[in-house]
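**Q** Just to be clear, the model below is a prediction. Sequence and coordinates:
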Amino acid sequence: MAANYIIEAEGLTKKYDKLVAVDNLNLQIKSGEIYGLLGPNGAGKTTTILMMLGLSEPTAGRVLVDGYNSTTQPIKVKQTTGYLPDNIGFYEDLTGRENLRFIARLNGVPGKYMDERIDSALERVGLLDVGDKAAGTYSRGMRQRLGIADLLVKDPKVVILDEPTLGLDPEGIEYMLQLIRDLSKKDGRTVLISSHLLHQVQRVCDRVGIFVKGRLLASGPIDTLADQVFGKDSYMLELKSDSHGKELFKLINSIPGVLDVTAESDKLVIKSEKDIRRELTVKMFESGFTLLHLRLLERELDDIYRKYFEKKEGLDARPNLQRVRSAVQ
Amino acid sequence: MRGPIYSGLGVLYSKEVSDHLRSKRFMIILVLVGIICLSSIYSAGLGIREAINKQSDDFIFLKLFSSSGDFIPSFASFISFLGPLIGLSLGFDAINGERARGTLNRLLAQPIHRDTVIIGKFLAGTSILSIMVLSLGVAVAGLGIIMTGIPPSFEEIGRLTVYLVLTVIYIGIWYAISLMFSLVFRQTATSALAGIALWLFMAVFVGLLAGIIANGLYPVNNNPSIETVLKHESLKQNLSRVSPLVIYNEAVTTILNPGVRTMGLIMSSQLEGAIAGTLPLGQSMLLIWAHFVTMAAMIMTCFAISYIIFMRQEIRAA
């Protein structure tokens, strides 16, 4: 197991004139895992993907996909990698089946297996009954699923999905996430998802990387990311009550283990050494406070994500609100 | 499987060809051109029937293509004017259309080289217009035989073949231009308009401009010396040869009229002692060989530019 990593980026950099789209990216993705590359729009995610596929030339550094250099051996890379672009397009006059057949031919799928493979791909994404309709009549969700069928026909080792859930309805998102999970867990493919829709994607990812302004700020399983952000032994609670007076502060500070209480807009954020939720609620009840909202800020990617932006505030002097808004979308 | 370098070229080529053949655009052009050609050949045929009785002429069959009826221009001048439209309409959205529909990056993510795409498109387009021109030419020739009752001589068949090849190259120039525009302009409407603008410029304004420039350099006023007139004319002719239409028209005139011996002005002293007669095909070919080469070079230049742009262009649509 020497080549444990199926995608490896080393010092990957892309500059457009003066704009640095991707800045010295180092990224390793293990074979068979689902990796989420998360970041706001314009962070350089699509540029990174295009460089992985050899569709765009890096200014510096290199990417290896399954051991092949994307810049010098793009054909080999494109044979092992399937790509679902954001805003995927199909030949609208052709039927879904014909679109898939075209891709199958380009990938040299032997003629005798072709129809069989196309049918099974269509069936898996639930488009078998509309396979003979023109792709131009498909809805957004159907197009996205046809895109997955497109990958299944190609049958690649590595799958790269760019904003796979963008613009889908809740049901469509569920379906899509299930398909993505199957791509990895059932078929054993490596999946790389790029997205800015955090909580959708975090549910399927084994590991995620936070990618902002061309730089990978953190990378790892979601749990350890939380540790990186919040510190290993501290808990963060978000609390809302009917009154946020001095007495409440006093009460909270009196609980053993509480390190810090700060007011953030209409909520209080409590930092503590241990989980104080039980004690807190009991004490609040006894003192006659009404608890309106209580949440453990921690294991959710949204919080991690936001926290990262807060940390970054100090680094580049940008208005707070704007950054948070772009992060949360 | 095909060779490793151009794997996928065949697949892409056949898809492009079938796309063209199935497109409504292609049907519209075919019907339009078909109607125009049939009407021009019909009216020319009517005129020729009368002419045959009056004079005995060689190459009557070629006249079907080059002579005009009372109201309708000749087949050759129709094609020279409408050919650009065929070429432009086949290619104006070749690349930017794919980009706009989002199929380009999906296509390029398949294991093919980037130039396979543009080569496949170019080959498919030129095949389509070759098929169109050749079948149109054969149909028209057949109609001519029925109408006049005169079978073409071998020389006429040769000249017709050369004429059709010239036409394919001519329309190919416009196809290459539109392919180039589809790379330069991101919007399909813009590239279509740019193509039409260039077409009108080449058809109408190049001649006018050449005249103005020639007038400025060698003014032909009320008593010009013979040298000035000659220089004026040759400058004007050479300038207007920038336009593919002019080159094509010169070549077609020469190939369809065996009597044409030279292009441009000729002095009566040069004609003195010349025996009236027609040129054999080989001699006509010698006259227009430069035209052939120029037109082929125009296609290659446009294609080379497109190729370079396409290879260097960023894939991202945004």
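**A** Ah, there it is.
**Q** Torsion angles phi and psi at the nearest residue to B:Phe185 once chain neighbours are set aside?
**A** The shortest distance from B:Phe185 to any non-neighbouring residue, by Cβ to Cβ, 6 or more residues apart in numbering or on different chains, is to B:Ser191 (4.0 Å). For glycine as for every other residue, the C-beta is placed from the backbone atoms N, C-alpha and C. Taking degrees, to the nearest 10, you get phi -70, psi -30 for the backbone angles of B:Ser191.
**Q** In contact with B:Ser191, which residues?
**A** B:92-93, B:96, B:178, B:181-182, B:184-185 (Cβ atoms under 8 Å, 6 or more residues apart in numbering or on different chains).
**Q** And the residues you listed, which of them are buried?
**A** By neighbour count, with 16 or more other Cβ atoms under 10 Å in any protein chain shown, the contacts of B:Ser191 hold B:92-93, B:96, B:178, B:181-182, B:185 as buried.
**Q** show me what contacts residue 34?
**A** In the absence of a named chain, this looks at chain A. So A:Ile34 contacts A:180-181, A:184, A:190-191, A:193, A:204-207 (Cβ under 8 Å, 6+ apart).
**Q** Not quite, go with chain B.
**A** Applying Cβ under 8 Å, 6+ apart, we find B:Gly34 in contact with B:Leu136.
**Q** Also A:Arg277?
**A** A:237, A:294, A:296.
**Q** Out of these, the closest to B:Phe292 would be?
**A** Among the contacts of A:Arg277, A:Leu296 lies closest to B:Phe292 (Cβ to Cβ), at 80.6 Å.
**Q** From the contacts of A:Ile34, list just the buried residues.
**A** Burial by neighbour count, judged by 16+ other Cβ under 10 Å, picks out A:180, A:184, A:190-191, A:193, A:204-207 from these.
**Q** In the residues you listed, find the pair that's most separated.
**A** Using Cβ to Cβ, the pair of the buried ones among the contacts of A:Ile34 lying farthest apart is A:Ile180 and A:Arg207, separated by 14.4 Å.
**Q** Ignoring the adjacent residues along the chain, who's closest to the residue nearest the centre of chain B?
**A** Nearest residue to the geometric centre of chain B (Cα atoms, centre = their mean): B:Tyr170, 2.3 Å. The shortest distance from B:Tyr170 to any non-neighbouring residue, by Cβ to Cβ, 6+ apart, is to B:Tyr248 (4.5 Å).
**Q** Could you tell me which of the contacts of A:Ile34 are located in strands?
**A** Secondary structure defined by DSSP state E assigns A:190-191, A:193, A:207 of these to strands.
**Q** just checking, A:Asp266 touches A:Lys240?
**A** Yes: using Cβ atoms under 8 Å, A:Asp266 makes contact with A:Lys240 at a distance of 6.5 Å.
**Q** Between the two, which has more neighbouring residues?
**A** When A:Asp266 and A:Lys240 are compared on other Cβ atoms under 10 Å in any protein chain shown, the one with more neighbours turns out to be A:Lys240, at 15 against 10.
**Q** Now for that one: which residues touch it?
**A** A:Lys240 is in contact with A:266-268, A:291-294, counting by Cβ under 8 Å, 6+ apart.
**Q** Name whatever forms a beta bridge with it.
**A** Beta-bridge partners of A:Lys240, counted by DSSP bridges, are A:His293.
**Q** Residue numbers of chain B in contact with chain A?
**A** With the criterion set to Cβ under 8 Å from any Cβ of the partner chain, chain B comes near chain A through B:1, B:7-8, B:11-12, B:15, B:19, B:22-23, B:98, B:101-113, B:314-317.
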